[in-house]
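Student: this one's sequence-less:
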């Protein structure tokens, strides 16, 4: 079987698709990838052939200060470019393929290209709040009035149509396909997948959709920790990990979190991330690191302070370590609410960050009862999400 797997966005959007690619290749299938330009070398180093899609969302180190916000005309031009690029890249990579699997909701072309080729396709989302439901508003925490939530989803659909409907249909016309009336429902289709752990992110009510929950798509990582980090870990009590991944974090945030961790009497492992955060001084109680194998590191720390991305949340839960989430946007407030609801940690609203609030949250996460629940919950996190998805692909029951 020849499979095209496509992912757009940041590392958190792309890595699950790569995890599924590894499983499909392990089973002997021919796998092609569409990933943003800044991930081509990474997937190439793993032996995959990839077609660039979309734009590199990370600025290179030392880039100039951000320019002024784009004008409405510039936004429209960018959306038009991204839509056309997705259609062109996906169409090129999909030639000769038997199935297309697209990771993330912002997949404007995958189902249209599959329709043109007459092959099955599916879109997988990584968080329950990406699915229209009376149980939550778009991207919001669970709960609220069901009718109000559904009205919010109607507004969300209108927003997608305003941005993309004309462009989507123009690209479908290029393929000889008829127009669609609603972008978001077309992108998801009638039977999307939810690639999230069922304990951390249970499936909500989804009227009109037949959703299959596969479990999270986790990429196995055997990379060793660098000697400097190993030495730091061995030199004292388990430290607190701080990392915000690909988020555009203000450097002051890193400073405030470090102050809170120190006030709690803990050492610091600071992941520099895309924001290139740095330590505040040369004190021996902290170490700054680049990309790291979280699967190897997290079981050896006292707590994980992070932005609440689906992948980091799942990896920390699987490691049995308490979490402090500082959510910023998208699905991150949802994961923060689930960590609180399960008693696996605490969170701090983005607008309420201070050394005091972060210290209180960290002390709450380090509470013996929370730490014990986090450790006990580790075994409940499923690790076979890619296997479940691969079974579905092989049966073509999408």
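Tutor: Nice, I can see it. Please read all numbers here as calculations on a predicted model, not as lab measurements.
Student: could you give the bridge partners of residue 49?
Tutor: Here residue 49 sits in beta bridges with residue 32, as judged by DSSP bridges.
Student: would you state the helices of the stretch 51-200 of the chain in chain order?
Tutor: 72-94, 110-117, 146-174, 183-188 (DSSP state H, counting those that start in this stretch).
Student: residue 339: which of those is closest?
Tutor: Ranking the helices of the stretch 51-200 of the chain by distance to residue 339, with C-beta to C-beta as the measure, places helix 146-174 first at 21.4 Å. C-betas here are computed from N, CA, C, even on glycine.
Student: counting contacts, what elements does that closest one pack onto?
Tutor: Contact partners of helix 146-174 among helices and strands, from 3 or more C-beta pairs under 8 Å, 6 or more residues apart in numbering; DSSP states H and E: helix 72-94, helix 110-117, helix 183-188.
Student: from the chain's centroid, how far away is it?
Tutor: Using C-alpha atoms, centre = their mean, to the nearest Å, the mean C-alpha position of helix 146-174 is found 22 Å from that of the whole chain.
Student: looking at that helix now, give me its mean pLDDT.
Tutor: Confidence for helix 146-174, expressed as mean pLDDT, is 96.
Student: helix 110-117 and that helix, what's the angle between them?
Tutor: What separates the directions of helix 146-174 and helix 110-117 is an angle of 40 degrees, with axes from the mean of the first three to the mean of the last three C-alpha atoms, to 10 degrees.
Student: now helix 146-174: buried residues?
Tutor: Buried residues in helix 146-174, counted by 16 or more other C-beta atoms under 10 Å: 149, 152-153, 157, 160-161, 163-169, 171-172.
Student: now stretch 274-285
Tutor: The neighbour-count criterion (16+ other C-beta under 10 Å) identifies 274, 275, 277, 279, 280, 285 as the buried residues of stretch 274-285.
Student: circling back to that earlier point, farthest pair in the buried residues of helix 146-174?
Tutor: 149 and 171 (31.0 Å).
Student: look up the closest residue to residue 14, ignoring the ones flanking it.
Tutor: On the basis of C-beta to C-beta, 6 or more residues apart in numbering, the spatially nearest residue to residue 14 that is not a chain neighbour turns out to be residue 7, at 4.1 Å.
Student: give me phi/psi at the one you found?
Tutor: The main-chain torsion angles of residue 7 are listed as degrees, to the nearest 10 and equal phi -140, psi 140.
Student: burial measure for it, as a count.
Tutor: Applying other C-beta atoms under 10 Å, we find 30 other residues in the vicinity of residue 7.
Student: please apply the same query to residue 197.
Tutor: Residue 197 is surrounded by 24 other residues when neighbours are defined as other C-beta under 10 Å.
Student: doesn't residue 384 make contact with it?
Tutor: No. Judged on C-beta atoms under 8 Å, residue 197 makes no contact with residue 384 at a distance of 10.5 Å.
Student: what's the overlap in contacts for the two?
Tutor: Between them, residue 197 and residue 384 share these contacting residues under C-beta atoms under 8 Å, 6 or more residues apart in numbering: residue 215.
Student: for residue 232, which three-state class applies?
Tutor: Secondary structure of residue 232, reduced to three states by DSSP: H, G, I helix; E, B strand; the rest coil: helix.
Student: next one: the one 4 residues further on
Tutor: Secondary structure, three-state DSSP: residue 236 is coil.
Student: what residues are up against residue 334?
Tutor: Applying C-beta under 8 Å, 6+ apart, we find residue 334 in contact with 127, 128, 129, 136, 139, 140, 141, 142, 201.
Student: any chance of those residues in TSV, plus pLDDT and distance to residue 242?
Tutor: Conversion of the contacts of residue 334 to TSV gives the following (pLDDT from 0 to 100; distance: C-beta to C-beta, whole Å):
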residue	pLDDT	distance to residue 242
127	97	23
128	97	27
129	96	25
136	96	28
139	82	24
140	80	26
141	85	24
142	90	27
201	97	24
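Student: closest one to residue 32 out of those, please.
Tutor: Here the nearest of the contacts of residue 334 to residue 32, counting by C-beta to C-beta, is residue 127; it sits at 25.8 Å.
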